[in-house]
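Q: generate coordinates for the sequence data below:
(one chain, ligands or ions: 1)
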Amino acid sequence: MFSIIKHFFAFAGDHRKRLQLGILYAFLNSIFHAFQIGALYIVLMAIINDAVTSSTAWTSFAIMFVSMVGGIVTKDASTMADARGSFHLCADKRTEIGDRMKYMPMGYFNSNSLGSITATVTSTMEDIQDIAPRVLDKTIHGFIHAAVITIMITAFDWRMGLIVIVGILFFLLVNLLMQRKAEAISPARVAAQSALVGAVLEYVQGIGVVRSFNLAREASKTIDRAIAECEKQNIGLELAFIPFMFLQSLILKLASVGIVAGAIFFFLNGTMELSVTLMMLVSAFLIYSQLETAGSMSALLRTVDLSIKRVEAIKGISLMDEAGRSIVPRDFAIRGEGISFSYDRKRIIDNVSFEIPQGSSVAIVGPSGGGKTTLCNLITRFWDVDEGAITLGGRNIKDYTLDTLLANFSMVFQRVYLFNDTIANNIKFGNPDATMSEVREAARKACCDDFIMALPDGYDTVVGEAGATISGGEKQRISIARAILKDAPIIILDEATANVDPENESKLQAAMTELTKNKTVIMIAHRLKTVRNADQIWVLSGGRMIQQGTHDRLMAEGGLYADFIGMREKSIGWKLGQLETASV
Ligand SMILES: Nc1ncnc2c1ncn2[C@@H]1O[C@H](COP(=O)(O)OP(=O)(O)OP(=O)(O)O)[C@@H](O)[C@H]1O
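A: Residues are numbered from 1 along each chain as shown. As a prediction, this is how the structure comes out:
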């Protein structure tokens, strides 16, 4: 238990002081509580000695008053310090995790489900924020209270102090066993919580598919199962603790009875004064009151510890650019030498080499699943190559920090993501310092100024969750405006195949022409015209660069590329072989 409390304070970092202040107040609170025993002693002494005067009443009243007011003030101060400390602590940790995520290897996200990551920054952090201060407050408070009272009782009569201590030791033994039990079963509860968050996220993200295929019942079954598992784990946890809590309570009650019996025994054999005996009898059942609460709350300490470990696990992931330096490339030529890459054990890019001179354009084509997107992700270091090296301006991309590397790239994906924010801010994402006139200029170049100005709030229109209130083609043009505003020297772009009606198509082409003007361009190409006009064409199939050159050269060479073009020109369609979809 104490190791968990220590762990929590180490985790709290700079916020430790505020939380420690909470403990100090809890300590003072216990002392104020202990005053009550003193007041009781004064009254009892006066009654026994038949010396009750108004001064006895006033003195005991004053002590009780100070005890009460001091108790309330220190309790509030302790709760406030704990709450403030834990809220600020969690706010900082969440920001820290968000910042770190930008620099984590993509493999981390691949092997950790969205549910698990989301649960960590939401419900797990909530556990730390809400449960931790309550649990720590009650637990620490309970033990400090027990310690202060034990010292007081011992000061009156060491034999009674011994009985109090024996009660506490038995209590601690049961508490230890309960902690062990909690250690064994808490992970399943946390896992069930993550699974529930994951199931809900998946349901919400796939709501379109769920509706269109009328799968509401099927999809909600997964959530129902996750809820049932969560319920089972939570109830299981509570049930598992009941015997321990019962035993803890029983021990403390027996110890209280022991105090009563001891006091009477010592009084009868003449070794304890009546006043002390009476005081022991009255306070016997007050001594352990706080400790009992601490015992029941301490069952949750394990959950807090587990939550901290989950957050630390994310913080412990080494960042991709830890060894990187701020580098301004001498030029924007890109080279790949013998690069290979696997997702898990599956080889996706196999010994690929290339050279992209500054200002030239590359069209990547090939069957679906051939590795086109993966290759682009390697160039921008979303993933790290397993073998070989990629250089930008003659320097290995691993030498750069991610920020200085990615400052050189603008990316336009087919699957556009717009944030739930104004259109202006969505475009500004490419350059947060841009002025409004620069934003509009970029939007004009991306052919989206007209439709934005026609919206009720123009550039201040808030796009719905995931950009739901804007058409697919419009979203794509906004994402191009974003990339134009960034004005990076290298453009990586996945040419749109979807959402393109003829009007949109021409606007999209105009937007792309603006974006790629005078830039180094790497494009996953789908339109024949784009491919033909590229300075070089890469044909990727099964992760291998099977052809590389200009359109004329590749046509003359024959092979997969010529087959693609042949099929396209004969309007056979986009199919290659049985089911593969060629991206040309
Ligand atoms: N994050 C990932 N984890 C594991 N495997 C992946 C991941 N992303 C892609 N793959 C696999 O890697 C292979 C290459 O995928 P990639 O997306 O690079 O192909 P592509 O040529 O761009 O395909 P398409 O034209 O259909 O977009 C595929 O077999 C795919 O299933």
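Q: residue ranges with poor pLDDT in the chain?
A: Judged by pLDDT under 70, the chain has its weakly predicted residues at 110-113, 211-219, 465-469, 496-503, 568-584.
Q: what packs against the helix or strand where residue 89 lies?
A: Assignment of secondary structure by DSSP states H and E places residue 89 within helix 54-101. Helices and strands in packing contact with helix 54-101 are listed as helix 2-12, helix 16-48, helix 125-126, helix 132-156, helix 301-315; criterion 3 or more Cβ pairs under 8 Å, 6 or more residues apart in numbering; DSSP states H and E. For every residue, glycine as well, the C-beta is placed using N, CA and C.
Q: looking at the ones you listed, which is closest to residue 327?
A: Comparing the helices and strands packed on helix 54-101 against residue 327 with Cβ to Cβ, the closest turns out to be helix 301-315 (26.5 Å).
Q: residues contacting the closest one, please?
A: Residues outside helix 301-315 that contact it (Cβ atoms under 8 Å, 6 or more residues apart in numbering) are 1, 4-5, 7-8, 11, 93, 96-97, 100-101, 117, 120, 124-125, 127-128, 131-132, 135-136, 139, 179, 182-183, 186-187, 189-190.
Q: the ligand contacts on the stretch 301-450 of the chain?
A: 343, 348, 366, 368-374 (Cβ under 6 Å from any ligand atom).
Q: ok, of the contacts of helix 301-315, which come out buried?
A: For those, a burial check counting by 16 or more other Cβ atoms under 10 Å picks out 1, 4-5, 7-8, 11, 93, 97, 117, 120, 124-125, 127-128, 131-132, 135-136, 139, 179, 182, 186, 189-190.
Q: setting aside sequence neighbours, what's the nearest residue to residue 419?
A: Nearest non-adjacent residue to residue 419, counting by Cβ to Cβ, 6 or more residues apart in numbering: residue 426, 5.7 Å away.
Q: what strand or helix carries the one you found?
A: helix 423-428.
Q: please compute how far the helix or strand just after that helix lies from its chain's middle.
A: Using DSSP H and E, the next helix or strand after helix 423-428 towards the C-terminus is helix 436-445. In terms of Cα atoms, centre = their mean, to the nearest Å, the centre of helix 436-445 is found 35 Å from the chain centre.
Q: what are the boundaries of the strands in the stretch 251-400 of the chain?
A: Counting by DSSP state E, counting those that start in this stretch, one finds strands in the stretch 251-400 of the chain at the ranges 334-343, 346-356, 361-365, 387-392, 395-396.
Q: could you do the stretch 451-584 of the chain as well?
A: With DSSP E, counting those that start in this stretch applied, the stretch 451-584 of the chain shows strands at 490-494, 520-524, 536-541, 544-549, 575-576, 580-581, listed in chain order.
Q: quick check: buried residues in the fourth one?
A: When you say that, I think you mean strand 544-549. 544-545, 547-549.
Q: distance of residue 158 from residue 266?
A: Taking Cβ to Cβ, to the nearest Å as the measure, residue 158 falls 11 Å from residue 266.
Q: sorry, wrong one. I was asking about residue 439.
A: To residue 266, residue 439 is 85 Å away according to Cβ to Cβ.
Q: neighbour count: those two, which is higher?
A: Neighbour totals were compared for residue 439 and residue 266, and residue 439 leads with 24 against 18 (other Cβ atoms under 10 Å).
Q: so what's that one up against?
A: Taking Cβ under 8 Å, 6+ apart as the definition, contacts of residue 439 comprise 424, 427-428, 459, 481, 485.
Q: make TSV out of those residues and add neighbour count.
A: Supplementary listing: the contacts of residue 439 in TSV, determined by neighbours: other Cβ atoms under 10 Å:
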residue	neighbour count
424	18
427	29
428	23
459	19
481	30
485	22
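Q: neighbours of residue 352, how many?
A: Residue 352 has 23 neighbours, counted by other Cβ under 10 Å.
Q: what of residue 540?
A: Counted with other Cβ under 10 Å, residues neighbouring residue 540 total 27.
Q: residue 372 is in contact with that one, correct?
A: Yes: applying Cβ atoms under 8 Å as the test, residue 540 and residue 372 come out as touching, 5.5 Å apart.
Q: what touches both of the two?
A: By Cβ under 8 Å, 6+ apart, residue 540 and residue 372 have these common neighbours: 364-366.
Q: nearest to the ligand among those?
A: residue 366 (5.9 Å; Cβ to the nearest ligand atom).
Q: just send the strands of the stretch 451-584 of the chain back as a markdown table, with distance to residue 32 too.
A: Listed next are those as a markdown table, based on distance: least, Cβ to Cβ, whole Å:
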| stretch | distance to residue 32 |
| --- | --- |
| strand 490-494 | 66 |
| strand 520-524 | 71 |
| strand 536-541 | 75 |
| strand 544-549 | 77 |
| strand 575-576 | 82 |
| strand 580-581 | 76 |
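Q: distance to the ligand for those strands - can I get that in CSV?
A: As requested, the strands of the stretch 451-584 of the chain are exported to CSV (distance: least, Cβ to the nearest ligand atom, whole Å):
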stretch, distance to the ligand
strand 490-494, 8
strand 520-524, 6
strand 536-541, 6
strand 544-549, 12
strand 575-576, 11
strand 580-581, 7
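Q: hmm, back to that, how near is the residue nearest to residue 419 to residue 478?
A: For residue 426, the distance to residue 478 under the criterion Cβ to Cβ works out to 6 Å.
Q: mind listing the shared neighbours of these two?
A: By Cβ under 8 Å, 6+ apart, the residues touching both residue 426 and residue 478 are residue 418.
Q: show me the contacts for the nearest residue to residue 151 once chain neighbours are set aside.
A: Excluding its sequence neighbours, the residue lying closest to residue 151 (Cβ to Cβ, 6+ apart) is residue 161, at 7.9 Å. With contacts taken as Cβ under 8 Å, 6+ apart, residue 161 has the following neighbours: 150-151, 153-155.
Q: quick one, helices of the stretch 101-250 of the chain?
A: When secondary structure is read from DSSP state H, counting those that start in this stretch, the stretch 101-250 of the chain shows helices at 106-111, 114-119, 125-126, 132-156, 158-205, 207-212, 216-268.
Q: spatially central, which residue of the protein would that be?
A: Against the mean C-alpha coordinate of the chain, by Cα atoms, centre = their mean, the closest residue is residue 121 at 2.6 Å.
Q: I'd say that one and residue 96 touch.
A: No: judged on Cβ under 8 Å, residue 121 makes no contact with residue 96 at a distance of 10.3 Å.
Q: distance of residue 558 from the ligand?
A: Per Cβ to the nearest ligand atom, to the nearest Å, residue 558 is found 22 Å from the ligand.
Q: neighbours of that residue, how many?
A: The burial count assigned to residue 558 is 11, neighbours taken as other Cβ under 10 Å.
Q: next: residue 535.
A: 16.
Q: who's in contact with the residue lying closest to it once chain neighbours are set aside?
A: Spatially, and ignoring its direct neighbours in sequence, residue 535 is nearest to residue 360 (4.2 Å; Cβ to Cβ, 6+ apart). Shown in contact with residue 360 (Cβ under 8 Å, 6+ apart): 520-521, 535-536.
Q: what about stretch 149-165, distance to the chain center?
A: Relative to its chain's centre, stretch 149-165 lies at 48 Å (Cα atoms, centre = their mean).
Q: and that stretch, which residues are buried?
A: By 16+ other Cβ under 10 Å, the buried positions in stretch 149-165 come out as 149-150, 152-153, 156-157, 160-161, 163-164.
Q: just put those residues in a markdown table and tack on distance to the ligand.
A: Converted to a markdown table, the buried residues of stretch 149-165 look like this (distance: Cβ to the nearest ligand atom, whole Å):
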| residue | distance to the ligand |
| --- | --- |
| 149 | 59 |
| 150 | 59 |
| 152 | 64 |
| 153 | 64 |
| 156 | 70 |
| 157 | 71 |
| 160 | 68 |
| 161 | 64 |
| 163 | 64 |
| 164 | 61 |
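Q: just give me the neighbour total for residue 488.
A: Residue crowding around residue 488 was assessed by other Cβ under 10 Å; the count is 19.
Q: so it touches residue 405, yeah?
A: No: contact criterion Cβ under 8 Å: residue 488 and residue 405 do not qualify, at 10.8 Å.
Q: number of nearby residues for the closest residue to residue 387 other than its chain neighbours?
A: Among residues not flanking residue 387 along the chain, residue 340 sits closest, at 4.1 Å (Cβ to Cβ, 6+ apart). Applying other Cβ under 10 Å, we find 16 residues neighbouring residue 340.
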